[in-house]
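[1] Let's see this in three dimensions:
(one chain, ligands or ions: 3)
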Amino acid sequence: MTREIKLILLGAPGAGKGTQAEIISKDYGIPAISTGAIIREAVKNGTEMGLAAKEYIDSGALVPDSVVIGIIKERLAMPDCKGGFILDGFPRTVPQAAALDEMGVEITDVISIEVADERILERMGGRRVCKACGATYHVVFNPSPNGDKCACGEELTIRSDDKPEVVKSRLDTYHEQTEPLKDFYNAKGILKIVEGQEKLEDTTALTKAALEA
Ligand code: ADP
Ligand code: ADP
Ligand code: ZN
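    Numbering: from 1, shown residues only. Ligands and ions are numbered 1, 2, ... in the order given. From the prediction side, this is the model:
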C-alpha cells in the first residue's frame, strides 16, 4: 500500500473490528489503536480514569466523550501515528467524530463492518481475550494455537462486558449513538461498507479490497 491510510473501523461490538485491525496493522505496518483496549488497561492498573470507566463499561454504556477524546488526542500525538493508523472503536458518537475534525485529523477511509445482531450475540459467548498481550480469540471461529492458553502463554479470560445481557445493551448503544456516524462519513464521501463474513480471512480480503479499490 503506497498511499497514506488513516482508517476508522466502524461496526457493532463483536463485528470483528479488533480482529481485522490487528491483521491490517501487521500487513500495512501502521498502528491499530483501540480505545477499548486502552481503557481496559487503565481498569486493570486501577488508575483514576480506569476506576471511573469501569461502571460505564460493565453496564454497556459509553465512557464520556471528554475522556475518550483526551485518550485519542494523546495517542495520535505519538510518533508512530505519523504515517497512518487504524482507529478501532473510536469515534463512537458524533461529538467524538467532530473532535477528530477539530484536531485537524484527516481521515482517509471509514469502513463499516456489518454483522446482524443475532450473529453478534452468538459470537460474543465464545470471545476469549488475553489480559497480558491483548490478543483476541474465539473458542470455535478463531481458537488459540495454544489451546486454552494464549499464544503468549498466559491464561485466556472472558471480558466482564461480554455477558449476554450486557452485549444486548451494548448493541442498543451502538444503534443509537454510533450508527449515525455512517451518515456523518457518507456525507464526506469516505464511507465503505463491508459485509462481515463467516470466515475472518474473507472479511480481511473484502476490507483490503475496499482500501485498495
Ligand atoms: P468492542 O470491541 O466489543 O466493540 P471495545 O473494546 O471497543 O468493545 O469497547 C469496550 C467498551 O469500552 C465500550 O463498551 C465502552 O464502554 C468503552 N469504549 C471504548 N471506546 C469508546 C469510545 N470511543 N467512546 C466511549 N466509550 C468507549
Ligand atoms: P470487535 O473488536 O468488533 O468487538 P472482535 O474482533 O473482538 O470484535 O471479534 C469478536 C469475536 O468474534 C472474537 O471472539 C473474534 O475472535 C470473533 N470473530 C472475529 N471475526 C469473526 C468472523 N468473521 N467470524 C466469526 N467470528 C469472528
Ligand atoms: Zn497473550
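[2] how about the spatially most central residue of the chain, what does it touch?
    Among the residues of the chain, the one closest to the centroid is residue 88, at 3.1 Å (CA atoms, centre = their mean). Shown in contact with residue 88 (CB atoms under 8 Å, 6 or more residues apart in numbering): 9, 17-18, 21, 32-36. C-beta here means a position set from N, CA and C on the backbone, and glycine is covered the same way.
[3] So which of those residues sit within strands?
    Of the contacts of residue 88, the ones assigned to strands by DSSP state E are 9, 32-34.
[4] Now do the same for the closest residue to ligand 1 within the chain: its pLDDT.
    In the chain, the residue that lies nearest ligand 1 is residue 36 (1.9 Å; CB to the nearest ligand atom). On the pLDDT scale, residue 36 is placed at 96.
[5] which parts of this structure sit against ligand 2?
    Contact residues, the chain versus ligand 2 (CB under 6 Å from any ligand atom): 11, 13-19, 123, 126-127, 136-138, 141-142, 196-200, 203.
[6] If you count neighbours, what's buried in stretch 31-38?
    31-38 (16 or more other CB atoms under 10 Å).
[7] just to revisit the earlier point, verify the stated contact: the residue of the chain closest to ligand 1 with residue 92.
    No - the pair residue 36 / residue 92 is not scored as a contact, 9.6 Å apart, by CB atoms under 8 Å.
[8] which residues touch the helix or strand containing residue 27?
    Residue 27 is part of helix 17-28 when elements are defined by DSSP states H and E. Contact with helix 17-28 is made by 1, 5, 7, 9-11, 30-32, 34, 36-37, 84, 86, 88-89, 113, 136, 142, 200, 203-204, 207-208, 211, as judged by CB under 8 Å, 6+ apart.
[9] Which strand residues bridge residue 8?
    residue 87, residue 110 (DSSP bridges).
[10] contacting residues around it?
    For residue 8, the contact set (CB under 8 Å, 6+ apart) comprises 86-87, 90-91, 107, 109-111, 185.
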